[in-house]
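Visitor: Quick one: sequence plus predicted model below, questions after.
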Amino acid sequence: MTTNDKQQLTYFIADLHLAENRPDITACFLSFLENDAVHAEKLYVLGDLFEYWLGDDDDSPFVAQVANAFQALSTTGTEIYFIHGNRDFLIGKRFAKKAGITLLPEVTKITLYQQEYLILHGDTLCTLDVDYQQFRRKSRTWWWQAIIKSLPLFVRKKIANNYRQQSAQSKQMKSLDIMDVTPEEVIKVMSDYQVTQMIHGHTHRPNIHSLEVNQQPATRIVLGDWYEQGSWLAITPAEFKLLNKDL
């Protein structure tokens with residue numbers, strides 16, 4: 001397939017949490033790239049592609065498989081864009097080059113088929129999760145990332161596993177409202193960027209929400225996770241809809 005064969009179609013995915021111990025998710029993802037995304041002009045990955053990312057020096061066969069699959073899609077003419085999530089914010093230029101993807105700022109305004117959309121992972125919208133927001137601010141500093149990247153890979157793996165366990169325990173103690181977006185923050189961000197359409201992931205609650213921003217009708221589209229099924233958003237000049245496929 002060549003660029004000229006692409007449909008007026010753009011896909012969005014997030015929260016795949018790819019990991020070696022979930023080959024079913026990986027297989028569904030590879031099938032999606034080969035059979036679905038290949039028809040699209042553009043593919044946007046809005047974070048948490050991986051369960052965790054230890055650094056671009058991870059040259060495992062698993063990481064190479066994912067990078068090669070993206071690269072294969074890219075060579076067909078599909079443009080691939082990536083916004084960091086809370087699990088894979090250390091993905092850098094080395095992996096991006098290997099995978100043939102373009103890294104975007106954590107909040108980006110795009111225009112598709114004459115309509116503006118604000119796209120982001122979504123974790124910054126969950127302002128009531130104070131503990132996480134504190135960790136997020138620290139983990140995005142240059143000095144914290146420099147320290148982590150300087151550690152041997154096996155040490156980083158242990159840290160990642162410990163963090164995952166702590167995160168799982170912490171979620172059990174938090175209410176669903178705390179882990180969801182703060183409505184006031186959504187309206188503020190959309191107002192700041194002067195948009196009426198927002199797309200994000202992170203909360204694992206796929207849905208299309210209607211709201212009002214600056215006295216105008218607005219839409220917030222939430223992408224689904226891939227724990228139990230493949231999940232993505234399709235946008236064409238005529239419509240947008242959430243789709244899924246079995247693992």
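Guide: Ah, there it is.

Visitor: what residues are up against Leu211?
Guide: Pro183, Val186, Ile187, Ala218, Thr219, Arg220 (CB atoms under 8 Å, 6 or more residues apart in numbering). (C-beta placed from N, C-alpha, C; glycine too.)

Visitor: okay, and the helix or strand of the chain with the least pLDDT?
Guide: Within the chain, no helix or strand scores below helix 176-179, which has a mean of 64 by mean pLDDT, DSSP states H and E.

Visitor: for the spatially most distant residue from the centre of the chain, what are its contacts?
Guide: In the chain, counting by CA atoms, centre = their mean, Gln215 sits farthest out from the average C-alpha position, at 29.3 Å. By CB under 8 Å, 6+ apart, Gln215 lies in contact with nothing.

Visitor: I'd like to know how far it sits from Glu184.
Guide: 16 Å (CB to CB, to the nearest Å).

Visitor: C-alpha coordinates for stretch 62-74, CSV please?
Guide: Only the C-alpha atoms of stretch 62-74 are listed here, as CSV (Å, rounded to 0.1, in the frame of the first residue of the first chain):
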residue,chain,number,x,y,z
PHE,A,62,10.2,-7.5,22.5
VAL,A,63,10.9,-3.8,22.1
ALA,A,64,12.5,-4.4,18.7
GLN,A,65,9.3,-6.2,17.6
VAL,A,66,7.2,-3.2,18.5
ALA,A,67,9.6,-0.7,16.9
ASN,A,68,9.8,-2.8,13.7
ALA,A,69,6.0,-3.0,13.4
PHE,A,70,5.7,0.7,13.7
GLN,A,71,8.5,1.2,11.1
ALA,A,72,6.7,-1.2,8.7
LEU,A,73,3.5,0.8,9.0
SER,A,74,5.4,4.1,8.5
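
Visitor: how about the helices of the protein, start to end?
Guide: Using DSSP state H, the helices of the chain run over residues 23-35, 61-75, 93-99, 130-139, 142-150, 153-173, 176-179, 183-192.

Visitor: of those, which approaches Glu228 most closely?
Guide: helix 23-35 (9.4 Å; CB to CB).

Visitor: List the buried residues for that closest one?
Guide: Ile25, Thr26, Cys28, Phe29, Leu30, Phe32, Leu33 (16 or more other CB atoms under 10 Å).

Visitor: can you pull the contacts of the residue lying closest to the second one once chain neighbours are set aside?
Guide: Same thing as Thr26. Leaving aside its sequence neighbours, Thr26 sits nearest to Leu18 (CB to CB, 6 or more residues apart in numbering; 5.7 Å). Each residue near Leu18 by CB under 8 Å, 6+ apart is listed here: Ile25, Thr26, Phe29, Leu49, Phe50, Glu51, Val66.

Visitor: Can you name the residues bridging to Leu18?
Guide: Phe50 (DSSP bridges).

Visitor: Can you pull out the low-pLDDT segments for the chain?
Guide: 1-4, 166-178 (pLDDT under 70).

Visitor: need the contact list for Cys28.
Guide: Counting by CB under 8 Å, 6+ apart, Cys28 has contacts Trp226, Gln229, Gly230, Lys245, Asp246, Leu247.

Visitor: farthest pair in those?
Guide: Farthest pair in those, by CB to CB: Trp226 and Asp246, 11.2 Å.
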